[in-house]
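K.L.:
sequence plus the predicted model coming up.
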Amino acid sequence: MEKNKAVRVFAEEIRVETLKEFAALGFGHVGGAMSVIEALAVLYGGEMRIDPKNPQWPERDRLVMSKGHAGPSLYATLALKGYFPLEVLSTLNRGGTILPSHCDRLKTPGIDMTTGSLGQGISLACGLALGNRMQGRDSYTYLILGDGECNEGQVWEGAMFAAHFKLSHLIAFVDLNKQQLDGSTKDVMDMGDMVQKFESFGWLTSKVDGHNVDAILDAVHAGKAQSEKPVMIILDTVKGNGCELAMQKFPNHHIAFTQEEMAPSIAKAEAVLARVKGE
Amino acid sequence: MSYTVKQTIEKEAVEMRAVYAATLCELAREDKRICVLDADLVGSSGVKPFFKEFPDRAIDCGIQENNMIGTAAGLSAAGMIPFAHSFGPFASRRCVDQIFISCCYPKLNVRILGTDPGVTAAYNGGTHMPFEDMGTLMSIPGITLVEPTDSVQLEWLIRELQTAYGVFYIRMQRKLAVGVFEKGSDFELGKIARLREGTDVCLVASGIMVGEALKAADSLRAQGISAAVLNAFTWKPMDAQTLCEYAGKCGCVVTAENHNVVGGLGSAVASALSAGAPVPVEMVGIYDTFGEVGTEAYLRERFDLTAAAIERAAKKAIARK
């Protein structure tokens, strides 16, 4: 059993709610929403300085979900934290919803930044980190990048920039789930050694099991223990992790399904949640 | 809005970039939210004084315009008021998606300055000569596009942008502009400035073409033609009300811009008039072609951006009434 049981339980709660959210819609970016759940549980399960009753609190920590298509698991996280009622999750992607397919700061309480055009989130996060520093705030800016997203040149502009300006209050993750829309990242656009890449750009870089909340927490704490470098935590993940239906498909970046097809996956996730709670 | 047009229209004594930097420094002394970003053109943009006085709020991003615009958006989300510059093509065309998705779509608060509009890019040639910057950004919802005429209008604009909210693209000459307005003039964003009254034809000009339009109006007057002159320094939102008023009064319109007429001032004016006061419109500007290298004087002749061209267009427009 992991040390941080409450965070682990939170992760499984997010998983169940995310799957229900997708089931109500019948399609979506399931794979990449599943693979970042433990990171979200770590951040919103205690690590981030936030106030769900005051989503615009200037002193808060912020998250830029640069892979904006992972919105659905972030929405489940925010709903569980009380930013809005859980029932809203079933409106994902419906006309007039506050939960669009990609993150939108103007629509969803708790979403700090609008994303969807890949590669742009790192610059937004750099600006947030720098702006908070200019204003004397000690807030942290968190950033979640996709591994496929790192194909974009702007990611590397931002990587240079963050290191040059010593943005130590920027803590980034790459969700290394090894798939992008067209197939495996190795086949579509091989990014090589991501740890070495970010290290050479000047980031304090580590690679951890992205489904182990203890390992993620330790890496975040190591990042916060220094004030010289931006922090990169490469999350070694499985795309679709914890969703049986998604795991059976390749690629699973975006899948469609009936409620009946998704039901067993939800039941399994609920069983995992019950087991983790009982451990 | 209270402005006075100078009696004598001639080159100013101070460069636009110097006025820009001095105004920004003055505002930044009182307002700690103001910050500056540049993409390895600090020496060209003229903002060295800002970098010297406010090193903690001045960011040279190196040669990475996309990241600069995104960073500016992030800074604004943290409560700062960023002014980001590069040469016009790189501040606009190269960054369309960043301006669209990172700045405008999330309704952030960013000022982007694209310098060296059109033929003023001169020796930097076609690669650096934006005839398309305003047009490229024109279809982004909610963006405000402004081309200040001279240093007086520029200073007013920068002060205005301290309190305005939104995404603004400012098409700025860097060097000596032709002075049109008396010091202390002030304007209203989105409202056309009326420089001359007239009844036969209405000349609508922006940027370096304002001085040419005034010259053309003088020449037309000597020939018995009464030309109104308007300065449409805000291209978006376009002041349709004033345009329609003058179209009604004059019966025809000539636009004059240092920009492609496709998607530029001519298109914006014609679009506004088509709804409210359809009258003949002639356009002086760049006709869907690329820039070239040369002196500004050579290029003005080469691309027909002259008072003579405006005068010819005015006569053509009048004949079409």
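P.N.:
Noted; the coordinates are in hand. Note that the structure is a prediction, hence the values are computed from the model and not measured.
K.L.:
how long is stretch B:225-235 from one end to the other?
P.N.:
27 Å (Cα to Cα, to the nearest Å).
K.L.:
now whichever strand or helix holds A:A23: average pLDDT?
P.N.:
Element membership of A:A23, judged by DSSP states H and E, is helix A:5-25. Confidence for helix A:5-25, expressed as mean pLDDT, is 97.
K.L.:
can you tell me how far the residue sitting nearest the centre point of chain B is from B:T295?
P.N.:
When Cα atoms, centre = their mean is applied to chain B, the residue found nearest the centroid is B:E147 (1.2 Å). To B:T295, B:E147 is 21 Å away according to Cβ to Cβ, to the nearest Å. All C-beta atoms are positioned from the backbone trio N, CA, C, and that covers glycine.
K.L.:
check B:V262 too.
P.N.:
Distance from B:V262 to B:T295, by Cβ to Cβ: 25 Å.
K.L.:
neighbour-wise, which of those two wins?
P.N.:
For B:V262 versus B:T295, the count of surrounding residues by other Cβ atoms under 10 Å in any protein chain shown is larger for B:V262: 15 against 12.
K.L.:
ramachandran angles for that one?
P.N.:
Dihedral angles of B:V262 (phi, psi; degrees, to the nearest 10) stand at phi -80, psi 110.
K.L.:
surely it is in contact with B:M134?
P.N.:
No: look at B:V262 against B:M134 with Cβ atoms under 8 Å: they stay out of range, at 11.1 Å.
K.L.:
list the buried residues of the helix holding A:A23.
P.N.:
A:7-25 (16 or more other Cβ atoms under 10 Å in any protein chain shown).
K.L.:
residues in contact with the next helix or strand after it: which ones?
P.N.:
Once the chain leaves helix A:5-25, the next helix or strand it forms, by DSSP H and E, is strand A:27-28. Strand A:27-28 has contacts (Cβ atoms under 8 Å, 6 or more residues apart in numbering or on different chains) with A:F22, A:P72, A:L92, A:N93, A:S101, A:H254, A:I255, A:A256, A:F257.
K.L.:
per-residue pLDDT, A:V42?
P.N.:
For A:V42, pLDDT reads 98.
K.L.:
chain neighbours aside, what residue packs nearest to it?
P.N.:
Computed as Cβ to Cβ, 6 or more residues apart in numbering or on different chains, the closest residue to A:V42 that is not its neighbour in sequence is A:I216, at 4.7 Å.
K.L.:
give me phi/psi at the one you found?
P.N.:
phi -70, psi -50.
K.L.:
what of A:L63?
P.N.:
Torsion angles, degrees, to the nearest 10, at A:L63: phi -120, psi 130.
K.L.:
let me have the contacts of strand A:27-28 in a markdown table, extended by secondary structure and distance to A:A246.
P.N.:
Formatted as a markdown table, these follow (DSSP: H, G, I helix; E, B strand; the rest coil; distance: Cβ to Cβ, whole Å):
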| residue | secondary structure | distance to A:A246 |
| --- | --- | --- |
| A:F22 | helix | 9 |
| A:P72 | helix | 12 |
| A:L92 | coil | 16 |
| A:N93 | coil | 17 |
| A:S101 | coil | 17 |
| A:H254 | coil | 10 |
| A:I255 | strand | 6 |
| A:A256 | strand | 11 |
| A:F257 | coil | 9 |
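K.L.:
scan those and report the most crowded one.
P.N.:
A:F22 (30 neighbours).
K.L.:
so that one sits right up against A:L92, yeah?
P.N.:
Yes: between A:F22 and A:L92 there is a contact at 7.4 Å, judged by Cβ under 8 Å.
K.L.:
now for those two: what residues contact both?
P.N.:
Contacts common to A:F22 and A:L92, judged by Cβ under 8 Å, 6+ apart, are A:G28, A:P72.
K.L.:
need the residues of the stretch 151-279 of chain A near chain B, please.
P.N.:
Residues of the stretch 151-279 of chain A found near chain B (Cβ under 8 Å from any Cβ of the partner chain) are A:G153, A:Q154, A:E157, A:G158, A:M160, A:F161, A:H164, A:F165.
K.L.:
show me which of those residues is closest to A:G210.
P.N.:
Set against A:G210, the nearest of these by Cβ to Cβ is A:G158 (20.9 Å).
K.L.:
now the closest one: which helix or strand?
P.N.:
Applying DSSP H and E, one finds A:G158 within helix A:153-164.
K.L.:
which secondary structure elements does that helix sit against?
P.N.:
helix A:121-134, helix B:65-77 (3 or more Cβ pairs under 8 Å, 6 or more residues apart in numbering or on different chains; DSSP states H and E).
K.L.:
and those helices as JSON lines, adding distance to A:G146?
P.N.:
Below are the helices and strands packed on helix A:153-164 laid out as JSON lines (distance: least, Cβ to Cβ, whole Å):
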{"stretch": "helix A:121-134", "distance to A:G146": "9"}
{"stretch": "helix B:65-77", "distance to A:G146": "16"}
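K.L.:
of the residues of the stretch 151-279 of chain A next to chain B, grab the buried ones for PyMOL.
P.N.:
Buried residues among those (16+ other Cβ under 10 Å), as a PyMOL selection:
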select buried, chain A and resi 154+157+158+161+164+165
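K.L.:
farthest pair within the residues of the stretch 151-279 of chain A next to chain B?
P.N.:
A:G153 and A:F165 (18.9 Å).
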